[in-house]
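> sharing a model that was predicted from the sequence below.
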Amino acid sequence: MVYRRQYSSRTPVRRSARGMAQLGGGRGMRRRGGFRWQIMLLFAVGAAIYYFMNQETVPLTGRKQLRTMEPAQEMALGLQSYEQILGDSKVVSPNEPVVQAVRQIGERLKRAAAPEDPGFEWAFNVIDSEQANAFALPGGYTAIYTGLIPIAANEDGIAVIMGHEIGHALAHHGAERMAQQNMQRIVGAGVSLGAGGMDMGAQRAVMGVFGGISQYGYALPFSRKHESEADYIGLILVARACYDPREAPLLWERMGANAGATPPEFQSTHPSPDTRVNDFQTWMPEAIAIYNQNCPTKITL
Ligand SMILES: [Zn+2]
């Protein structure tokens, strides 16, 4: 061993030859300290297997999604976060009319979602906060903030917001995001190990590029896709529950007008208001047909 170390460090020609033999090619010296594509490839194959083995179908839209979690796991996870959030917030008393209204709307939407409901334990609460925000956690645990009520403006507006949130839960977006993060971690580990032999600056650059691609090329487009999907599912539920679906584009216009002051997290990853209004126009005939089929009053475009 000692001999070999001395030998190789003294004679760069032989060292290069050894490198060539190891890599089985003529570019041995150049590959030393380069990106190890073989390792990356191994992890990419692993990620691809993970991806194709865990394909599920989103109810109502039929989109294929990456998801590994069972609804029971979603509910356990969602409930845990829900209790934590409610514990840290000022929850409005169930005796307040606003909570009663929100729960009534929630119940109607929940019944409308019955065909696609995997048996979630829906919960509807109101949080006292100036934020114009609302959320649904995996498993159907939803809340709307008092700051959003004036923008919702009426029952139909509240139904549009809650329908959107229920849409996120029904489409299992939280579980999908977690599975996507697992896949990003698998690929990220491959990139990190692949870059392991490079010098620190190069490693940092490679990880930076990977981070950018995985954020802007993967995570963010999905986040906008989720928003648009929740809009669609929400609109269909609103119409099934006999709330006026035509309120949806009006609500998002009000939301856009309000966004200037403090853009809440709820909106930051949402599609642009123009895209949103266009999408609602595309889906509106379907929603109106559902409404007219189910509800005592009739509406037109
Ligand atoms: Zn959303």
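Nice, I can see it.

> switch to C-alpha atoms for all contacts and neighbour counts from now on
Will do.

> low-confidence ranges, the stretch 201-301 of the chain, go.
Within the stretch 201-301 of the chain, the ranges that satisfy pLDDT under 70 run 259-270.

> how about a cut-off of 80?
Of all residues in the stretch 201-301 of the chain, those with pLDDT under 80 make up the ranges 214-222, 256-274.

> can you pull out the strands in it?
Ranges of strands within the stretch 201-301 of the chain: none, based on DSSP state E, counting those that start in this stretch.

> could you give the number of residues near Asp231?
Asp231 is surrounded by 25 other residues when neighbours are defined as other CA atoms under 10 Å.

> distance check, it against Leu193.
Asp231 sits 40 Å away from Leu193, going by CA to CA, to the nearest Å.

> Gly119 in helix, strand or coil?
State at Gly119, reduced to three classes by DSSP: H, G, I helix; E, B strand; the rest coil: coil.

> then Phe135?
For Phe135, the secondary-structure state derived from three-state DSSP is strand.

> OK, contacts around it?
If you count contacts by CA atoms under 8 Å, 6 or more residues apart in numbering, Phe135 has them with Thr142, Ala143, Ile144, Glu165, Phe266.

> out of those, flag the one nearest to Ile39.
Compare each of the contacts of Phe135 with Ile39 using CA to CA and the shortest gap goes to Phe266, at 38.6 Å.

> residue contacts, Val277?
Pro249, Trp252.

> pull out the buried members of the contacts of Phe135.
The neighbour-count test (16 or more other CA atoms under 10 Å) marks Thr142, Ala143, Ile144, Glu165 as buried among the contacts of Phe135.

> from what I see, the first one and Ala134 are in contact.
Looking back up the chat, that one is Thr142. Yes. Between Thr142 and Ala134 there is a contact under CA atoms under 8 Å: 7.5 Å.

> what touches both of these two?
With contacts taken as CA under 8 Å, 6+ apart, the residues that reach both Thr142 and Ala134 are Met162, Glu165.

> circling back: can you redo the buried ones among the contacts of Phe135 as TSV with pLDDT and distance to Leu250?
What follows is those, written out as TSV (pLDDT from 0 to 100; distance: CA to CA, whole Å):
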residue	pLDDT	distance to Leu250
Thr142	96	22
Ala143	96	21
Ile144	96	18
Glu165	95	17
